[in-house]
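Q: below are the sequence and a predicted model for it; my questions follow.
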Amino acid sequence: MRVDLGNALSTTPGVSESSLERLDEQVAAAHETIESGRADAEHGYAALNLPDTADPDAIRSAVEPFDSPDAVVTVGIGGSALGAATLSSALSEPSDPDAYYLDNVDPERVTCLLSTLDLSETVVNVVSRSGTTAETLSNFLVVREAMDDAGVDWTDRTFVTTGEEGNLRNLAEKHDLPSLPVPDGVPGRFSALSTVGLAVSAIQGHDLEALLAGARAESERLSGSLFESPAYAYGAASYALANRGALTNAMMPYSEDLEYFAEWFAQLWAESLGKDGLGQTPARALGATDQHSQLQLYRAGPRDKLVTLVRPTEREDRAIPETDLEGLSYLGGSSLGELLDAEFEATEASLAAAGVPSVRIEIDAVDERGLGELLYGMEAACVLYGELAGVSTFTQPAVEWGKRAARGLLGGGDFEEAEAVSEKTHLI
Ligand code: PA5
């Protein structure tokens, strides 16, 4: 992974090189804290050890009973779904089992998906670290009923990824379901490179070792200086820009395969860093599509944004046919990939010309290695940002509040948060 901060230096907001040099002292201190947390496998920091602690063989063995299904449906939400979704949407080939995600509990979507699948050829991957999340368990109960109704033995088609205790672990033990543990110390949104994120990739036959090798390469570049580590460069620059007013971070990959990556990044950034009145609001965009919509705002709207432009430098290309159509001959002989690169560079130049900060992130290709680098790099950037900001990166009290309130409303426990929901306002 390569990070270029050049277009964030003399912009508004912007960071000067000298301010980054001053910030580097804090980066060195933060790096020591991170390294000590990793050495002790403390909660959250343990996620940065996954390139060395994840066990691809164990993951492949757990999913081995499900040889070549038509589809795999992951039932999970938030960090229990987004890592796997990012990987499968980027890496899936037409010959792979289709990967679907039931995260939301929208009844129409659930019914529609279940009606399109051959459930006897579908594997259900139920993922919940806590084993108590209402959306996940409800969706699972619905899927299980649909399998019963279709005469499919759900216990033959289901595997579970969960913590050592909880409702889901009990269910897996009761029915002797294949299961994987969620590793200790790895919060949901940092679990893409663990059992949580990698099981679907294993079913789809992707190269888990290459994913972890990409992540490991990025981990080996973490050092006490932002000038030596692309991940820290991005984390430190984002932090410095947020302090100077860039309160929105628009993540804009130039690759359809990375569209889900922006969604994953949004969760990582928002849920980890949105604390104590601080944080940087992630916005999801896609190049070149959003050049024709959001870019207007990014360039000419409030000066409160950082735009992060991500691209692979290699991709399969497709030629644009020659044409004698008037005014279009310049396209012929070129390619869609060249056009997409031109759009990327034009957007970057357009933002720079308007003095809007952008950061360029490149990987060689959207393959296992590149994704390992990118996901790990963003996680390390996020952990560094959290250290610099002094927030509790690995907790999510606001998310937990909402979970308890929803459970309380459904009668799932005596949660005081549910009482706050009943205090209605009188809007007209
Ligand atoms: O990052 C997080 O901690 C959350 O997004 C969780 O992953 C999400 O709430 C799902 O929780 P669980 O895995 O316990 O079902």
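A: Perfect, I can see it now.

Q: hey, let's count contacts and neighbours off CA atoms from now on
A: OK.

Q: tell me the phi and psi of the nearest residue to residue 132 once chain neighbours are set aside?
A: In this structure, residue 132 finds its nearest non-sequential neighbour in residue 167, 6.3 Å apart by CA to CA, 6 or more residues apart in numbering. The phi/psi pair for residue 167 (degrees, to the nearest 10) reads phi -60, psi -40.

Q: up against the ligand, what does the stretch 151-300 of the chain have?
A: Proximity of the stretch 151-300 of the chain to the ligand (CA under 6 Å from any ligand atom) is limited to residues 187-189.

Q: looks like the residue nearest to residue 132 contacts residue 129 (just checking).
A: No: Residue 167 is beyond contact range of residue 129, at 10.5 Å (criterion: CA atoms under 8 Å).

Q: now for the residue nearest to residue 132, how many residues are close by?
A: 16 (other CA atoms under 10 Å).

Q: tell me the pLDDT at it?
A: Note on residue 167: pLDDT of 88.

Q: so how far is residue 124 from it?
A: 17 Å (CA to CA, to the nearest Å).

Q: got it, and residue 63?
A: 11 Å.

Q: name the SS class of the residue nearest the centre of the chain, please.
A: For the chain, the residue nearest the mean C-alpha position is residue 264 (2.2 Å; CA atoms, centre = their mean). For residue 264, the assignment made with DSSP: H, G, I helix; E, B strand; the rest coil gives helix.

Q: residues near residue 43, how many?
A: 15.

Q: tell me which element it falls in.
A: Assigned by DSSP states H and E, residue 43 belongs to no helix or strand.

Q: ok, it - contacts?
A: Neighbouring residues of residue 43 by CA atoms under 8 Å, 6 or more residues apart in numbering: 37, 184-187, 394.

Q: any chance of these in CSV, plus distance to residue 292, pLDDT and neighbour count?
A: Formatted as CSV, those follow (distance: CA to CA, whole Å; pLDDT from 0 to 100; neighbours: other CA atoms under 10 Å):
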residue, distance to residue 292, pLDDT, neighbour count
37, 44, 98, 16
184, 44, 94, 15
185, 42, 96, 16
186, 38, 97, 25
187, 36, 96, 23
394, 36, 98, 21
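
Q: from those, which land in helices?
A: residue 37 (DSSP state H).

Q: so residue 418 is in contact with residue 403, correct?
A: No: when contacts are counted by CA under 8 Å, residue 418 is not listed as touching residue 403 (9.7 Å).

Q: quick check: closest non-adjacent residue to residue 399.
A: residue 271 (8.0 Å).

Q: give the buried residues for the host helix or strand of the one you found.
A: Take DSSP H and E as the rule and residue 271 turns out to sit in helix 259-273. By 16 or more other CA atoms under 10 Å, the buried positions in helix 259-273 come out as 259-273.

Q: isn't there a strand covering residue 361?
A: Yes: Residue 361: assigned to a strand according to three-state DSSP.

Q: what about it, distance to residue 254?
A: For residue 361 relative to residue 254 (CA to CA), the value is 10 Å.

Q: list residues touching both of the two?
A: 309-311.

Q: ok, residues contacting the lowest-mean-pLDDT helix or strand in the chain?
A: When the helices and strands of the chain are scored by mean pLDDT, DSSP states H and E, helix 416-422 comes last with a mean of 76. In this structure, residues lying in contact with helix 416-422 by CA under 8 Å, 6+ apart are 401-402, 404-409.
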